[in-house]
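Novice: Sharing a model that was predicted from the sequence below.
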Amino acid sequence: WGATKTDNPKYIGGRLLFDASGALTAFASIGIFTWGATKFLFHSYTDGTKEGLKLMFDLLLYEGKREDCNYVMGYVPKIDWLVDIFTAHEAYERATKTEQWEYHWRNLDYA
């Protein structure tokens, strides 16, 4: 760990998806980090509808390719329909077999 040079992270912005009516359907906050010679596109926060996020995670693969990344990765809540998006997608696989602590809050409660 100590000898590994990283350049972490470089925030490159948010990505928004809108439907035909102009409603926001998905959001992703993304950045790039490196670990040695490996380059990652990292989504640190995502939110949206089922349909919007399904498309967003497809688009992030192209964004990663455009940024010359080796991998696309990030954290997502363990919600069945969201996990199903990744399980059904041939390009994604789970990086770990362990569960993570989950924290749930509503932004409205803290505004």
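Specialist: Structure received. All figures in this text were calculated on a predicted structure; none of them were measured in a lab.
Novice: Shouldn't E51 be within a strand?
Specialist: No. Read with DSSP: H, G, I helix; E, B strand; the rest coil, E51 is helix and lies in no strand.
Novice: what's the neighbour count on it?
Specialist: E51: 12 surrounding residues under other Cβ atoms under 10 Å. (Each C-beta comes from the backbone N, C-alpha and C, glycine too.)
Novice: How about the contacts made by it?
Specialist: Neighbouring residues of E51 by Cβ atoms under 8 Å, 6 or more residues apart in numbering: T25.
Novice: if I look at it, how far off is L16?
Specialist: 14 Å (Cβ to Cβ, to the nearest Å).
Novice: same deal with L59?
Specialist: Distance from L59 to L16, by Cβ to Cβ: 11 Å.
Novice: Low-confidence regions, this structure specifically.
Specialist: For the chain, residues meeting the criterion pLDDT under 70 lie at 1-8, 94-111.
Novice: Sketch out the strands for it, chain order is fine.
Specialist: 10-18, 24-35, 38-48, 71-74 (DSSP state E).
Novice: How far does stretch 74-81 stretch from one end to the other?
Specialist: The stretch stretch 74-81 measures 17 Å between its terminal residues, going by Cα to Cα, to the nearest Å.
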